[in-house]
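>>> what's the 3D shape of this:
(2 chains)
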Amino acid sequence: MSRYTFGRTELNRLYRYCFALTDDESAAFDLLQDGLERFLRAGVDAPAHPMAFLRSIIRNRFIDGLREGATRRVAGHDSAVDVDDLPGAECSLDGIVIAHQELEWIWRELDPLERELLTLWAAEGMTIREIAAALDIAEGTIAARIHRLRKRLTRERDTRNAAGNAA
Amino acid sequence: MSDLRDEVDALLARRSLSDAQLRALERLQATAPGRAEDAPPGAADSDRDGTLQGRHRSPRRRPRPASARRLQLPRGTGRLAAAALLTLLLASALWLTLPAPDGDPARAIAREVADNHLQLKPLQFSASALDELRGDFSRLSFRLRDSALPALAELSLRGGRYCSIQGAPAAQFRLVDTGAEHTYTLYQARYEPERFGDMPRVAHGETPRLLRARGLSIRLWVEQDVLFALVAD
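Below you'll find the predicted structure:
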């Protein structure tokens, strides 16, 4: 069985995923290269879902790197929100309107896992269920994170708009 | 101001690997040795939750001793396993015919055509114009249509192959832009509203619906009685 080879489109998709985690183009390339080397060393000839498999390696390498560098907290308390009590729209990022400059500013303020969530949702077109499966996290947890992210995005946007108007 | 999804997509699309970086990664894949003996048993071997809140690393799986692997199965287990497998296959087939879990047929179509685009299966017919292909696609129950979408006029046809969209027979065409820098796949299938859901009709002045899947842009629309799907890198 021949080994799977990632094409240029796939490599760019993975690079953007790495960029979402690191928020640094150089670090994103290093992370992608490291992940790819591990993928090749893993000796899996043709995994059923090579993109998902490599993304999982990259994610774990990134988290390991954070763990080695510092015990930085990159996600909130998932149990703080009971998603069953939330209306559907609160667990979705659809319908949020934002300006290009606002997103550039907010992007840098987000946690890596918040940027990851945005990337999987926007660039990969994944649903909550698919993100949960890809990250091996409960759907409820993803929904709670989306709920917090939605609140944070709208708050940051409104704060920035208010500051702009005051100036 | 625009939709958050579009803005995130645009922000990420501005980040691409350079040619040198792409070549380095391609070289890495080309020169990698075969199965390495020192490969970790679980390459994805970290805490997957990502909260980093006092979690422990998952213990790596160790190979079980040979004696434990050699299970003594009771007689008839093979037939039971075969029956279970058959049930599973039937359930999977049934599941595949059900509507997409998120209830939006357009998203299911987008994912399906994006997957097809990434596979880039070999063309069955080579041609540089749609007219040359009409005879080749005689098994389809609809007539292949020329699209009025201006963006398609910029692309050159390379050929096509049979495929399906959500179980409906369809034609898949491969196109390239000037300089053949980007590859596109265009799909045509007989438009069935109950199968594909409501789709924009360009003849009514509506613009194609733009979706993202697998990192690709997908446009969906209807012209005359045909559903079109265009996938771009």
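>>> How about the contacts made by the one residue sitting closest to the centre of chain A?
Nearest to the mean C-alpha position of chain A, counting by C-alpha atoms, centre = their mean, stands residue A:116 at 0.7 Å. When contacts are counted by C-beta atoms under 8 Å, 6 or more residues apart in numbering or on different chains, residue A:116 is found next to A:17, A:20-21, A:59, A:135. All C-beta atoms are positioned from the backbone trio N, CA, C, and that covers glycine.
>>> Tabulate those residues (a markdown table), appending distance to chain B and neighbour count.
Formatted as a markdown table, the entries for the contacts of residue A:116 read as follows, by distance: C-beta to the nearest C-beta, whole Å; neighbours: other C-beta atoms under 10 Å in any protein chain shown:
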| residue | distance to chain B | neighbour count |
| --- | --- | --- |
| A:17 | 9 | 28 |
| A:20 | 7 | 27 |
| A:21 | 10 | 23 |
| A:59 | 7 | 25 |
| A:135 | 7 | 23 |
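>>> Can you list which of those residues are found in strands?
Among these, none falls in strands (DSSP state E).
>>> okay, and for chain A, where does confidence drop off?
When residues are selected by pLDDT under 70, those of chain A lie in A:1-2, A:44-46, A:68-91, A:167.
>>> Kindly recompute the last result at 90.
Under the criterion pLDDT under 90, the flagged ranges of chain A are A:1-5, A:26, A:38-50, A:53, A:61, A:63-111, A:113, A:122-130, A:133-167.
>>> Walking through it, point out its strands one by one.
Defined through DSSP E, the strands belonging to chain A, from first to last, are A:97-98.
>>> Please apply the same query to chain B.
B:2-3, B:125-126, B:156-165, B:168-176, B:183-190, B:209-213, B:216-223, B:226-232.
>>> Quickly run through the sheet partners of the third one, with directions.
Pairing partners of strand B:156-165, with direction, according to DSSP bridges: strand B:125-126 (antiparallel), strand B:168-176 (antiparallel).
>>> How many residues are close by residue A:132?
Look at residue A:132: counted by other C-beta atoms under 10 Å in any protein chain shown, it has 17 neighbours.
>>> and it, what is it in contact with?
Applying C-beta under 8 Å, 6+ apart, the residues contacting residue A:132 are A:138-139, A:141-142.
>>> Kindly recompute the last result at 7 Å.
Residues in contact with residue A:132, defined by C-beta atoms under 7 Å, 6 or more residues apart in numbering or on different chains, are A:138-139, A:142.
>>> and what of residue B:106?
Applying C-beta under 7 Å, 6+ apart, we find residue B:106 in contact with B:197, B:209, B:211, B:220.
>>> those helices in the chain, which residues are they?
Answering for chain A, as no chain was given. With DSSP state H as the criterion, chain A has helices at A:8-22, A:25-41, A:50-69, A:100-109, A:112-122, A:128-135, A:139-166.
>>> oops, chain B please
Ranges of helices within chain B are B:4-13, B:19-31, B:66-69, B:77-97, B:105-119, B:130-133, B:150-153, B:193-196, based on DSSP H.
>>> if we can go back for a sec, out of the helices of chain A, nearest to residue B:140?
Evaluated over those, closeness to residue B:140 peaks at helix A:8-22, with 28.2 Å, by C-beta to C-beta.
>>> what comes up buried for the closest one?
Counting neighbours by 16 or more other C-beta atoms under 10 Å in any protein chain shown, one finds that the buried residues in helix A:8-22 are A:9-22.
>>> Just give the closest residue to residue B:12, not the sequence neighbours.
Take residue B:12 and drop its neighbours on the chain: the residue closest to it by C-beta to C-beta, 6 or more residues apart in numbering or on different chains is residue A:16, 4.3 Å away.
>>> Great, nothing more from me.
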